[in-house]
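> Structure for this input, please:
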Amino acid sequence: MKNQKLEISRRLFDIIIHLYTVKINRVSLSISLDHTKGQCRLQSNNVIFDNVIAPRFGNFFDVRRGELSFHPNPENQQINENNKWNREGRVKGKPTKLIRYILAHTEINTNNEKYINRFVELVAMAINYKQISDIKISGDIKQIYTLYTAENNVGTLGNSCMRKESSYACRFYPDFYDKIGLSVAYTQNSNNELTGRALIWKNCKDNEGNNFTFVDRIYGTENTIREFREFAIDNDYYYKIEQSYSSATLRNSDGNKLYQYYYNIDINVIHLNNLPFVDTMCFLNECDEQLQSYKDNCEKQLQNCDGNYNNTENDNITCYECSEETHEDNAHYIEGNYYCNDCVIYSEYYQEYILTRLSVYSDYHQSYMFDDECFYVKDISDYVHSDLDGEIFKYYNNAFYSIEYIKNKELELEEIL
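Coordinates of the predicted model:
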């Protein structure tokens with residue numbers, strides 16, 4: 001294997017870059033893996049680190065049902081027709097070895113060895129997590145929603161306004177989902193109490209008319225959310241990236257994202273005074289008889305805990321970043337969510353608004369840019385876009401420098417020698 005770039009699956013990538021809080025001797029420290037040093041890029045279901053060479057023991061790392069696998073002879077890794085790795089010839093391995101290898105080629109926000117060891121331990125535990133709940137599917141949503149909720153280990157399900165124990169009126173109307181043809185995925189404990197649930201929307205359409213299925217907001221613990229995501233990936237379903245009512249962005253196992261989509265309904269079967277709280281497909285387009293993930297052409301929003309609807313005529317929107325209200329004329333729509341002027345900044349480089357939190361200013365480009373698409377050039381003390389890697393700038397001696405600077409350094413070394 002000659003200088004093959006490190007490739008890992010998206011689901012393994014999601015586990016490794018997760019933010020963990022490590023507590024040692026009553027001191028807490030948040031440790032996050034910064035993959036930008038490796039100039040990570042996504043390609044289909046794979047994550048490729050441009051500046052990280054695969055370890056000698058293998059490549060094409062993936063995690064599935066609590067086990068890490070890879071191909072010990074990467075040049076023999078076959079790709080299926082759906083652009084996924086064929087499992088023939090793959091072997092199982094221990095995650096700690098891979099995690100430490102990746103840490104050595106990226107950056108974390110501490111040099112404390114105890115914290116690093118704990119970080120490795122936590123990621124390994126997350127990778128080795130094995131599903132213990134049996135996910136069931138039911139077409140009788142009203143019956144599932146009226147099950148008692150378990151008292152412990154239910155995570156966000158314990159705060160749902162639609163659970164049986166809720167005091168909100170919307171809990172009485174889960175039959176709305178039965179009438180429009182949905183199903184529900186759910187988990188129970190040994191007492192048959194509910195521990196997790198998520199609606200399943202089949203035959204949804206994107207704006208190009210393509211059909212797809214997605215797993216809606218997942219209610220439960222972090223482990224439950226992980227299980228339901230695995231369920232979605234195994235069935236080639238889309239799933240919500242963020243488990244909240246305010247975000248509608250979906251993703252599938254190939255890394256494709258959806259921001260706007262709809263679901264056809266029979267408007268005559270629903271009663272507009274007997275409504276559940278709808279997390280994602282909450283906008284009602286009565287003219288086209290469809291529920292939508294976006295506001296266009298909709299006068300009603302089905303997000304009211306009292307069992308009614310809200311009018312969408314209010315011109316104010318809530319910023320997804322800071323939760324402050326702003327007039328819709330001053331809002332910016334970015335990847336499925338609205339943001340206020342205070343949370344975005346215009347990029348001359350991209351010719352569009354980007355999130356201020358994710359940006360960095362480059363004097364070289366005279367523009368704000370995505371920080372994860374840039375690298376810091378040490379000799380000019382500035383950020384430049386990664387597209388210039390190898391053309392004008394180059395990775396040299398553990399940092400990026402201009403090629404001109406590197407040539408001058410090499411000439412100085414030759415003179416010394």
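> Would you mind measuring from residue 61 to residue 98?
6 Å (Cβ to Cβ, to the nearest Å). C-beta: built from backbone N, CA, C; applies to glycine.
> shared neighbours, those two?
Contact with both residue 61 and residue 98 is made by residues 68, 70, according to Cβ atoms under 8 Å, 6 or more residues apart in numbering.
> okay, these two: which has more neighbours?
Using other Cβ atoms under 10 Å as the criterion, residue 61 and residue 98 rank with residue 61 on top: 28 against 25.
> I'd like to know how far residue 209 sits from residue 404.
52 Å.
> now swap in residue 165 and tell me
From residue 165 across to residue 404, the span is 68 Å (Cβ to Cβ).
> again, but for residue 177
Taking Cβ to Cβ, one finds residue 177 at 64 Å from residue 404.
> Repeat that for residue 95.
Relative to residue 404, residue 95 is positioned 42 Å away (Cβ to Cβ).
> In terms of neighbours, single out the busier of these two.
Using other Cβ under 10 Å, the more surrounded residue of residue 95 and residue 404 is residue 95, with 21 against 11.
> Next up, the contacts around the more buried one.
Going by Cβ under 8 Å, 6+ apart, residue 95 touches 63, 68, 123, 124, 127, 128.
> at 7 Å instead, please
68, 123, 124, 127, 128 (Cβ atoms under 7 Å, 6 or more residues apart in numbering).
> hey, what's the first one bridged with?
Spelled out, it's residue 68. Beta-bridge partners for residue 68, by DSSP bridges, are residue 63, residue 93.
> Excluding residues flanking it in the chain, which one is nearest residue 244?
residue 217 (7.1 Å; Cβ to Cβ, 6 or more residues apart in numbering).
> If you could redo that for residue 293, that was the one I meant.
Using Cβ to Cβ, 6+ apart, the nearest residue to residue 293 is residue 248, at 4.0 Å.
> Determine the number of other residues adjacent to that neighbour.
By other Cβ under 10 Å, neighbour count at residue 248 equals 25.
> what does residue 88 give?
Using other Cβ under 10 Å, residue 88 has 9 other residues around it.
> on that earlier part again, give the buried subset of the contacts of residue 95 as a PyMOL selection command.
In PyMOL, this line selects whichever of the contacts of residue 95 come out buried by 16 or more other Cβ atoms under 10 Å:
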select buried, resi 68+123+124+127
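> dump the residue contacts of residue 263.
Contacts for residue 263 (Cβ under 7 Å, 6+ apart) come out as 201, 204, 281, 290, 291.
> and the second one, how many neighbours?
Right, residue 204. Neighbours of residue 204 (other Cβ under 10 Å): 21.
> Mind checking the pLDDT average for stretch 138-152?
Averaged across stretch 138-152, the pLDDT comes to 94.
> Tell me who's in contact with residue 236.
Counting by Cβ under 7 Å, 6+ apart, residue 236 makes contact with 252, 253.
> And it, its phi and psi?
As for residue 236, its main-chain torsions (degrees, to the nearest 10) stand at phi 60, psi 40.
> And it, how close does it get to residue 8?
Taken as Cβ to Cβ, the span from residue 236 to residue 8 is 20 Å.
> could the contacts of residue 95 go into TSV alongside pLDDT and secondary structure?
Formatted as TSV, the contacts of residue 95 follow (pLDDT from 0 to 100; DSSP: H, G, I helix; E, B strand; the rest coil):
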residue	pLDDT	secondary structure
68	91	strand
123	79	helix
124	81	helix
127	78	helix
128	73	coil
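> any chance of the contacts of residue 95 in JSON lines, with distance to residue 81 too?
Below are the contacts of residue 95 laid out as JSON lines (distance: Cβ to Cβ, whole Å):
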{"residue": "68", "distance to residue 81": "25"}
{"residue": "123", "distance to residue 81": "32"}
{"residue": "124", "distance to residue 81": "33"}
{"residue": "127", "distance to residue 81": "28"}
{"residue": "128", "distance to residue 81": "31"}
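> biggest separation within the contacts of residue 95, which pair?
68 and 123 (10.7 Å; Cβ to Cβ).
> how near is the closest residue to residue 8 other than its chain neighbours to residue 244?
Take residue 8 and drop its neighbours on the chain: the residue closest to it by Cβ to Cβ, 6+ apart is residue 61, 4.4 Å away. In this structure, residue 61 and residue 244 are 30 Å apart, going by Cβ to Cβ.
> now swap in residue 317 and tell me
Separation of residue 317 from residue 244 (Cβ to Cβ) stands at 15 Å.
> Done for today, thanks.
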